[in-house]
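> I need the structure of the sequence given here:
(one chain, ligands or ions: 1)
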Amino acid sequence: MSEFKELVFSGVQPTGNLHLGNYLGALQKFVALQDSHECIYCVVDLHSLTATMAHDDLADQTRSITAAFLASGIDPKKNIVFNQSQVLQHAELAWIFNCVARIGWMNRMTQFKDKAGKDRENASLGLLAYPSLMAADILVYRATHVPVGDDQKQHLELTRDIAQKFNNDFSRRIAELGYGVDMEVGEEKVNGFFPLTEPLIDGAITRVMSLRDGSKKMSKSDPSDLSRINLTDEADAIAKKIKKAKTDPEPLPSELGGLIERPEAQNLVGIYAALSGTTSTSVLTEFGGRQFSEFKPALAELAVEKLAPIAGEMRRILADPAYIDGVLREGSGRAREKAEATMKMVREIIGLIDG
Ligand code: TRP
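Purely as a prediction, here's the structure:
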């Protein structure tokens, strides 16, 4: 039996505006992967209901993330671009995974603990089950690789736990029906229906920090707009925010070791590296010994060159919501076909009568 074909899947929630952290942590990687892989990119609108049911303009936020995908350079013909709620199979598989996963697994998720806060009894059931829907998003396509930020690593581990438990619980049926696929798990060769999906987290910067405080993640909910570069910022706003970014008085070091305990310097060097497609080491080879008064203008110029065209393109695309809806409709049709092929087998494995 053959191995799983490599397939990339990722999802972005339609909440708030995207910023540089989302671009470097997700979108830029999505764009790079489309040259080497078959890719499916999803706006996960059902996930955004776990925070608040009553959203301000959920539809417009979904369009805005889609526009950001397209403006960043994701080709919706070559890849599949769609919104989660149009492919019902995600919700169907999520229900099945709710019955595979254990409450204890969900209770251990740090994202759940952070978001639920102290009053866990009052959190929505959807917030608790969030990772089960995420596992369904990925596994309904039997995707093998998922580019995500490092905060999603734990959810990917849980996705593997769910896949493994399903593969074990139904191993006999999977074998009888001949639906198993060989895969390597460490040194071992195993056979299962769902792949054990790997996260793709590496890159020049795995976590983009606030421009005002190098110990906090760049975030859409930070009250200071100077703390982040929004994907919709125009050139002068981008340049101004970089020039005002917090730094320390020392010149840049020539080696990585010199960035330890200098979180703001480390962040700006990482941003430069990620935007220029190099490493922090080679940025320091170029700028080691120089002051921020020289480095910041170079970074501002690079950021404007890379990001301002995306903002412009986003505005152009957003002016035509019917076009965006068309892209999502067409992508959903293609996604549905693939998802339904998996679900037909899943129903048969489980014993759900299907027609
Ligand atoms: N949980 C992810 C986040 O907040 C979003 C997401 C939902 C996702 N489903 C996914 C990411 C599937 C990757 C794959 O960033």
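> list the contacts for Met218?
19-21, 208-211, 227-228 (C-beta atoms under 8 Å, 6 or more residues apart in numbering). Yep, even glycine has a C-beta here, placed from its N, CA and C like the rest.
> residues of the chain that sit close to the ligand?
9-11, 13, 44, 47, 134, 137-138, 146, 148, 152, 155 (C-beta under 6 Å from any ligand atom).
> quick one on the thing from earlier: among the contacts of Met218, which one sits closest to the ligand?
Gly21 (10.9 Å; C-beta to the nearest ligand atom).
> next, the buried residues of the helix or strand hosting Ala300.
Here Ala300 is covered by helix 292-318, with elements defined by DSSP states H and E. For helix 292-318, the neighbour count (16 or more other C-beta atoms under 10 Å) marks 292, 295-296, 298-300, 303-304, 306-308, 310-311, 313-314, 317-318 as buried.
> stretch 327-336 now?
327-328, 331-332, 334-336.
> OK, contacts around Phe166?
With C-beta under 8 Å, 6+ apart, Phe166 has these contacts: 97, 100, 192-194.
> over to Met209?
Met209 neighbours (C-beta under 8 Å, 6+ apart): 215-218, 263-264, 267.
> what does Ala339 give?
Neighbours of Ala339 in contact, by C-beta under 8 Å, 6+ apart: 87, 89-90, 93, 140-141.
> what do you get for Ala123?
Ala123 neighbours (C-beta under 8 Å, 6+ apart): 112, 115-117.
> quick check: pLDDT value at it.
Listed pLDDT for Ala123 reads 93.
> cool, Gly25 as well?
So Gly25 comes in at 89 (pLDDT).
> ok, the closest residue to the ligand within the chain - how many residues close by?
Per C-beta to the nearest ligand atom, Gly11 is where the chain lies closest to the ligand, at 3.1 Å. By other C-beta atoms under 10 Å, 24 other residues sit near Gly11.
> with Ser171 instead?
15.
> same check on Gly186?
Applying other C-beta under 10 Å, we find 6 other residues in the vicinity of Gly186.
> one more: Met53?
10.
> just use 44 as the starting number from now, easier for me
Right, with 44 as the first residue, what we last looked at is Met96.
> ramachandran coordinates for it?
Met96 adopts backbone torsions of phi -70, psi -50, taken as degrees, to the nearest 10.
> can you name the residues that contact Gly301?
Per C-beta under 8 Å, 6+ apart, neighbours of Gly301: 295, 327, 331.
> show me where the stretch 44-193 of the chain has helices.
63-65, 71-76, 88-91, 101-115, 132-143, 146-150, 153-159, 168-182 (DSSP state H, counting those that start in this stretch).
> hey, which helix is longest across the chain?
helix 364-393 (DSSP state H).
> which parts of the stretch 194-343 of the chain are helices?
According to DSSP H, counting those that start in this stretch, the helices that the stretch 194-343 of the chain contains are 196-212, 214-220, 278-286, 306-319, 323-330, 335-361.
> quick one: mean pLDDT over the shortest one.
It stands for helix 214-220. 97.
> buried set for that helix?
So for helix 214-220, counting by 16+ other C-beta under 10 Å, buried means Ile217.
> hmm, who's touching it?
210, 223, 234-236, 388, 391-394.
> next, format these as TSV and append neighbour count and distance to Leu168.
TSV is the format used below for these (neighbours: other C-beta atoms under 10 Å; distance: C-beta to C-beta, whole Å):
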residue	neighbour count	distance to Leu168
Asn210	20	26
Gly223	18	33
Asn234	14	34
Gly235	22	29
Phe236	22	27
Met388	14	28
Glu391	14	29
Ile392	19	26
Ile393	14	22
Gly394	9	26
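> okay, those in JSON lines with distance to Tyr173 and pLDDT next?
Below are the contacts of helix 214-220 laid out as JSON lines (distance: C-beta to C-beta, whole Å; pLDDT from 0 to 100):
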{"residue": "Asn210", "distance to Tyr173": "22", "pLDDT": "97"}
{"residue": "Gly223", "distance to Tyr173": "29", "pLDDT": "95"}
{"residue": "Asn234", "distance to Tyr173": "30", "pLDDT": "92"}
{"residue": "Gly235", "distance to Tyr173": "24", "pLDDT": "96"}
{"residue": "Phe236", "distance to Tyr173": "23", "pLDDT": "98"}
{"residue": "Met388", "distance to Tyr173": "25", "pLDDT": "98"}
{"residue": "Glu391", "distance to Tyr173": "28", "pLDDT": "98"}
{"residue": "Ile392", "distance to Tyr173": "25", "pLDDT": "98"}
{"residue": "Ile393", "distance to Tyr173": "23", "pLDDT": "98"}
{"residue": "Gly394", "distance to Tyr173": "27", "pLDDT": "97"}
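> for the stretch 294-398 of the chain, give me the ranges with low pLDDT.
Scanning the stretch 294-398 of the chain for pLDDT under 70 picks out no residues.
> oh sorry, the question was meant for the stretch 94-243 of the chain
Judged by pLDDT under 70, no stretch of the stretch 94-243 of the chain qualifies at all.
> tell me the centre residue of this structure?
For the chain, the residue nearest the mean C-alpha position is Val191 (3.9 Å; C-alpha atoms, centre = their mean).
> can you tell me the closest non-neighbouring residue to that one?
Using C-beta to C-beta, 6 or more residues apart in numbering and skipping residues adjacent in sequence, the residue nearest Val191 is Pro242, 5.6 Å away.
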